[in-house]
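Asks: Just the structure for this:
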Amino acid sequence: MNLEARLEGLVTTAELAGRPDFALGEATVSPSARIVTGPHGKVDVEPRVMQVLVVLADAKGAVVTRETLFRRCWGSPAVTDDSLNRAIGSLRRIATSIADSSFEVETIPRTGYRLVASAAAVSASEKPVTSRRHVLAAGLACGAVGAGVLGYRWSRSESEDPRVTTLIERSDLAHRNGAADSDTEAVRLLEQAVGIQPSSALAWGRLALARCLLSELSPPPKVPALVAGTQDAARRALTLDARQSDALAALAILPPYYGEWLAADQRMTAVLAVDRGHLPTLDARGFMRAGAGRPREASTERLEFSARAPLHVSHQFKLIYAHWILGDIPAADRAADRALHLWPKHKGVWFGRLWTLAFTGRPERALAHVDDEAGRPSFPPQLVNSLRVAMTALATRRPADANHAVASILGLLSQGPTHSINAIMMLNALGEVDAAFDVASAYLLERGRLMASVRWRPGQLSVVDQRRRKTNMLFVPVSAPMRADPRFMTLVTEMGLTNYWDRLRITPEFLSESAARRT
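Replies: Numbering: from 1, shown residues only. Take a look at the predicted model:
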């Protein structure tokens, strides 16, 4: 059969038997034996799942429509979506659990799927693997390294119950959308999944991670139970699979990292040594490093891994900040426009758009953004008023307006951590550096003449990633006046950041940039 015919015809089990092995990133696919072998072992693949994988590989990175997959793998377009969804879900689990994320199946909304490999995906009709023994040896060597670091043990992946697969996919969708109560819904779905199949390491790992993320967004009385639940689910997952990356990530992300940056960095980096493409860990480590004096490095990494999650609101709103930090304002604007189109009233997206307008010389447009009630999330009236007077002061640059803005900004500090984070940026933009240091001392060191809320309480404003004490606002472009002030080094030393830099033997970017300007 020639290649053109093969790209259109039905892939039967008999045809699979005649297909040569082929490489997919660091994985080896054996259609005839229906086995995928990777750095973390091998797994038997159901015939239909192997058929889907072969069709995607034949396309050489092109998009394959759902109709084409139905026709070539089932022989009919009249197949339920659940059948294909289960096959795609199985391939994704193989990619992460066996193939070390060497490949991924990318969803093309309303169209189909595309196979993306870390090394060029090879058509199933070309480039047979000449030495599977060499590939297996490489996988065993990788396993031996893992054993020394995280107690890795070989385990065989078992098929998930189709009901569990569906529940996991629904929980992922809920988390990506970032809607109200979506994290609670994700936990509920995953609790159903482990009830159906208690032997599923994947379901337990996803539950651990979902509970971890929910603990960051929940009222204080609910947090202890979620922390305990995270640990329990992670323990169950790791008992079944000692390298289950979601469970490892949950335990790495769970402890607050303010003042303990090195320990947090090491925990998350250890997870990425097991699963280098684990998005929640990349996201958490990138956010942490951006607030630890490495914003450009973290932002560059974010541009790379966020491209894999174009419909995940948390990744996409943080892209706005990444482009801003890297000085690409048109790209930041495009990211904001795209995100606002998909999630028009998401608080993180809305603030990302506001700050990039306000702090890149467009305060009039920022003011219009604040005054657009139809497009604005539900905020307390005092916050809206404070933002309005701050944007007005940036636009007019009149001393009276600036004084009014400072008083309004400082008046909100006791009403939640979010207000201190916003205040530090706005005060820098207004040229009120002394006041910015006062807020930083109150929020980050709990000292000085001001009182600021450092922990979220029910009824207070919350934005994603701002219920824990944060430092990212110290290292964004608008806060350059603070970083140029001699008091800044005293502040970061007392926060413990200089110890982090010294122990890693790195120079924070703002010091490197300052030295470069002097030469």
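
Asks: drop to CA atoms for contacts and neighbour counts, all remaining ones
Replies: Will do.

Asks: just for this structure, where's the confidence low?
Replies: Flagging of the chain using pLDDT under 70 yields the residue ranges 1-8, 77-79, 118-159, 179-180, 456-460, 462-467, 516, 518-519.

Asks: Per the annotation, how does it divide into domains?
Replies: Following automatic domain parsing, one gets these domains for the chain: 3-150, 162-253, 278-488.

Asks: roughly how far is stretch 99-110 from the heart of the chain?
Replies: Put simply, stretch 99-110 sits 15 Å off its chain's centre (C-alpha atoms, centre = their mean, to the nearest Å).

Asks: Check the separation of the first and last residues in that stretch.
Replies: End-to-end span of stretch 99-110 (C-alpha to C-alpha, to the nearest Å): 27 Å.

Asks: for stretch 475-482, same thing?
Replies: First-to-last residue span, stretch 475-482, C-alpha to C-alpha: 9 Å.

Asks: residue ranges for the strands of the stretch 301-450 of the chain, please.
Replies: Under the criterion DSSP state E, counting those that start in this stretch, strands are not mapped anywhere in the stretch 301-450 of the chain.

Asks: picking that back up, just say which of the domains of the chain is most tucked in.
Replies: domain 162-253 (a mean of 21; mean count of other C-alpha atoms under 10 Å).

Asks: ends of it, how far apart?
Replies: 29 Å.

Asks: quick one: the helices in the stretch 101-250 of the chain?
Replies: 132-150, 162-177, 182-196, 201-215, 223-240, 245-253 (DSSP state H, counting those that start in this stretch).

Asks: relative to helix 201-215, how tilted is the shortest one?
Replies: Calculated by axes from the mean of the first three to the mean of the last three C-alpha atoms, to 10 degrees, helix 245-253 forms an angle of 30 degrees with helix 201-215.

Asks: So which elements touch helix 245-253?
Replies: When contacts are defined as 3 or more C-alpha pairs under 8 Å, 6 or more residues apart in numbering; DSSP states H and E, helix 245-253 packs onto helix 201-215, helix 223-240, helix 261-274, helix 279-290.

Asks: want to throw those into CSV with distance to Leu504?
Replies: What follows is these, written out as CSV (distance: least, C-alpha to C-alpha, whole Å):
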stretch, distance to Leu504
helix 201-215, 27
helix 223-240, 29
helix 261-274, 8
helix 279-290, 12
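
Asks: Quick one: the helices of the stretch 101-250 of the chain as CSV, columns for distance to Asp44 too.
Replies: Shown next, in CSV, are those (distance: least, C-alpha to C-alpha, whole Å):
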stretch, distance to Asp44
helix 132-150, 15
helix 162-177, 16
helix 182-196, 22
helix 201-215, 17
helix 223-240, 18
helix 245-253, 21
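
Asks: May I see the domains of the chain organised as TSV, with distance to Leu262 added?
Replies: Output for the domains of the chain, formatted as TSV (distance: least, C-alpha to C-alpha, whole Å):
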stretch	distance to Leu262
domain 3-150	18
domain 162-253	12
domain 278-488	10
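
Asks: I'd like to know which of those domains is closest to Thr269.
Replies: domain 278-488 (7.9 Å; C-alpha to C-alpha).

Asks: how far does the closest one stretch from start to finish?
Replies: Domain 278-488 has an end-to-end distance of 34 Å (criterion: C-alpha to C-alpha).

Asks: With stretch 247-264 instead?
Replies: Stretch 247-264: ends 16 Å apart by C-alpha to C-alpha.

Asks: residues touching the nearest residue to Asp265 once chain neighbours are set aside, list them.
Replies: Distances taken as C-alpha to C-alpha, 6 or more residues apart in numbering put Arg285 closest to Asp265, at 6.6 Å, once the chain neighbours are dropped. By C-alpha atoms under 8 Å, 6 or more residues apart in numbering, the contact list for Arg285 reads 265, 268-269.

Asks: of those, closest to Thr418?
Replies: The closest of the contacts of Arg285, once distances to Thr418 are taken by C-alpha to C-alpha, is Asp265, at 23.8 Å.

Asks: give me every residue that touches the closest one.
Replies: Neighbouring residues of Asp265 by C-alpha under 8 Å, 6+ apart: 285, 288-289.

Asks: Could I get the residues you listed in JSON lines, plus columns for distance to Ala23?
Replies: Shown next, in JSON lines, are those (distance: C-alpha to C-alpha, whole Å):
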{"residue": "Arg285", "distance to Ala23": "31"}
{"residue": "Met288", "distance to Ala23": "36"}
{"residue": "Arg289", "distance to Ala23": "35"}
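
Asks: Of the domains of the chain, which is nearest Ser512?
Replies: domain 278-488 (10.6 Å).

Asks: Kindly provide the distance from Arg267 to Leu450.
Replies: Taken as C-alpha to C-alpha, the span from Arg267 to Leu450 is 35 Å.

Asks: quick one: contacts of the helix or strand harbouring Leu16?
Replies: Secondary structure from DSSP states H and E places Leu16 in helix 13-17. With contacts defined as C-alpha under 8 Å, 6+ apart, helix 13-17 is touched by 31-33, 47, 51.

Asks: Would you convert those residues into TSV that also reports secondary structure and distance to Asp246?
Replies: Shown next, in TSV, are the contacts of helix 13-17 (DSSP: H, G, I helix; E, B strand; the rest coil; distance: C-alpha to C-alpha, whole Å):
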residue	secondary structure	distance to Asp246
Pro31	coil	29
Ser32	coil	32
Ala33	coil	29
Pro47	helix	27
Gln51	helix	28
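
Asks: Pull the most distant pair out of the residues you listed.
Replies: Greatest spatial distance in these: Ala33 and Gln51, 12.2 Å, computed using C-alpha to C-alpha.

Asks: In contact with Ala264: list those residues for me.
Replies: By C-alpha under 8 Å, 6+ apart, Ala264 lies in contact with 252-253, 255, 257.

Asks: again with Ser420
Replies: 413, 439-440, 443, 452-453.

Asks: Could you double-check that Arg483 sits in contact with Phe510?
Replies: Yes. Arg483 sits in contact with Phe510 when judged by C-alpha atoms under 8 Å, with a separation of 7.2 Å.

Asks: Now the common contact residues for the two.
Replies: Phe475.

Asks: ok, now which ones touch Leu207?
Replies: Counted by C-alpha under 8 Å, 6+ apart, Leu207 has contacts 187, 190-191, 230, 233-234.

Asks: Mind doing that once more with 10 Å?
Replies: Taking C-alpha atoms under 10 Å, 6 or more residues apart in numbering, we find Leu207 in contact with 168, 171, 186-194, 201, 213, 229-230, 232-234, 237, 246-247, 250.

Asks: same thing with Ala336?
Replies: 316-321, 330, 342, 349-354, 356 are the contacts of Ala336 under C-alpha under 10 Å, 6+ apart.

Asks: Tell me which of the residues you listed fall in helices.
Replies: In helices, judged by DSSP state H, the following of the contacts of Ala336 are found: 316-321, 330, 342, 349-354, 356.

Asks: one step back: please identify every residue contacting each of Ala33 and Gln51.
Replies: Shared contacts of Ala33 and Gln51 (C-alpha under 10 Å, 6+ apart): 16, 45.

Asks: Please list all residues in contact with Glu301.
Replies: Residues in contact with Glu301, defined by C-alpha under 10 Å, 6+ apart, are 282-283, 286, 295, 322.

Asks: same thing with Pro377?
Replies: By C-alpha under 10 Å, 6+ apart, the neighbours of Pro377 are 344-351, 370.

Asks: same thing but 6 Å
Replies: Pro377 is in contact with Lys345, counting by C-alpha atoms under 6 Å, 6 or more residues apart in numbering.

Asks: Kindly report the same for His40.
Replies: So His40 contacts Ile98 (C-alpha under 6 Å, 6+ apart).

Asks: Same question for Gly286.
Replies: Ala298 are the contacts of Gly286 under C-alpha under 6 Å, 6+ apart.

Asks: Could you measure from it over to Ser306?
Replies: 11 Å.
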